[in-house]
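> coords please:
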Amino acid sequence: MESPQSNEDIAKQIILKEINNVSANSLIIKENGCSACHILFNLMDNMQISESDASDLLSQVLSDDPKLNDRFIEMVEKIHMKERMMGIPFSIKTREAKDKYIASNFKNLLAELSSDLINYGTDIVLRKLLASSIALQLAQNIGIDYHAATEELYYYMRNNDQQTNESILEFINNFYSRAYKKD
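Numbers count the residues shown, from 1 in each chain. Below is the predicted model of the structure:
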């Protein structure tokens with residue numbers, strides 16, 4: 001009698017299938033869509049799990065399989081860096097349309113961070129802001145879009161887990177010690 005597949009095995013099959021599909025035909029990703037998000041949402045739909053669980057599972061599977069991780073990064077780079085010129089749709093909008101879009105994103109991000117603060121605490125929000133800041137810096141320095149920079153950062157963090165965790169914890173400890181230091 002065969003043992004049932006683990007969630008990680010099922011996720012790995014879904015991820016590999018979607019990497020192959022996207023690599024064969026990048027047009028399956030909707031206009032200006034994110035290739036990493038495409039795979040994440042396929043995991044959610046196929047496994048009937050939350051976005052958070054799918055994100056954790058994707059990260060775990062990619063961490064456990066360096067070759068699959070490399071293929072994932074290659075796919076992201078191909079879509080975001082080579083095939084697309086991200087930002088053009090936004091750049092041709094009117095100033096009013098741009099301002100509305102920015103205002104909407106501004107409000108949504110603050111609401112999301114407020115929710116995370118309530119549900120998960122200050123350390124998680126600080127980690128999230130730190131990762132976003134690093135990804136943004138990478139995007140600006142390398143000249144790639146934010147999603148691709150985020151995937152590159154996560155790739156690095158997965159491959160240098162202990163070092164990055166130590167660096168983040170050191171930063172958080174220094175941050176809190178300076179923030180609550182009495183003058």
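> Following element in sequence after the helix or strand bottoming out on mean pLDDT in the chain, please.
Lowest on mean pLDDT, DSSP states H and E among the helices and strands of the chain sits helix 88-91, with a mean of 66. Where DSSP states H and E defines the elements, the next helix or strand beyond helix 88-91 is helix 95-120.
> Phi and psi next, for Lys17.
phi -60, psi -50 (degrees, to the nearest 10).
> Now for it, how many residues are close by?
13 (other CB atoms under 10 Å). (Glycine included, C-beta is placed from N, CA and C.)
> do the one 4 residues further on as well
Applying other CB under 10 Å, we find 16 residues neighbouring Asn21.
> Can you give me the distance of Leu57 to Glu112?
Computed as CB to CB, to the nearest Å, the Leu57 to Glu112 distance reads 21 Å.
> These two: which is more packed in?
Shown here are Leu57 and Glu112; by other CB under 10 Å, Leu57 has more neighbours (22 against 12).
> can you give me the offset of the helix or strand where Val125 lies from its chain's centre?
Per DSSP H and E: Val125 is located in helix 122-142. With CA atoms, centre = their mean, to the nearest Å as the basis, helix 122-142 stands 11 Å off its chain's centre.
> One more: stretch 110-125?
Taking CA atoms, centre = their mean, one finds the center of stretch 110-125 at 17 Å from the center of the full chain.
> Pass me the low-pLDDT residue ranges in the protein, would you?
For the chain, applying pLDDT under 70 flags the ranges 1-4, 31-32, 80-88, 90-91, 182-183.
> if we can go back for a sec, list the buried residues in the helix holding Val125.
Within helix 122-142, the residues that count as buried by 16 or more other CB atoms under 10 Å are Val125, Leu126, Arg127, Ala131, Ile134, Ala135, Leu138, Ala139.
> With distance to Glu170 as extra columns, can I get those in JSON lines?
Shown next, in JSON lines, are these (distance: CB to CB, whole Å):
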{"residue": "Val125", "distance to Glu170": "18"}
{"residue": "Leu126", "distance to Glu170": "13"}
{"residue": "Arg127", "distance to Glu170": "13"}
{"residue": "Ala131", "distance to Glu170": "15"}
{"residue": "Ile134", "distance to Glu170": "14"}
{"residue": "Ala135", "distance to Glu170": "19"}
{"residue": "Leu138", "distance to Glu170": "20"}
{"residue": "Ala139", "distance to Glu170": "24"}
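> of the residues you listed, closest to Tyr180?
Of all the buried residues of helix 122-142, Leu126 has the smallest distance to Tyr180: 13.3 Å, by CB to CB.
> Give the burial count for Met157, as a bare number.
Residues within reach of Met157, counting by other CB under 10 Å, total 18.
> same deal with Asp53?
Number of residues near Asp53 (other CB under 10 Å) recorded here: 15.
> That one and Ala135, how far apart?
Computed as CB to CB, the Asp53 to Ala135 distance reads 22 Å.
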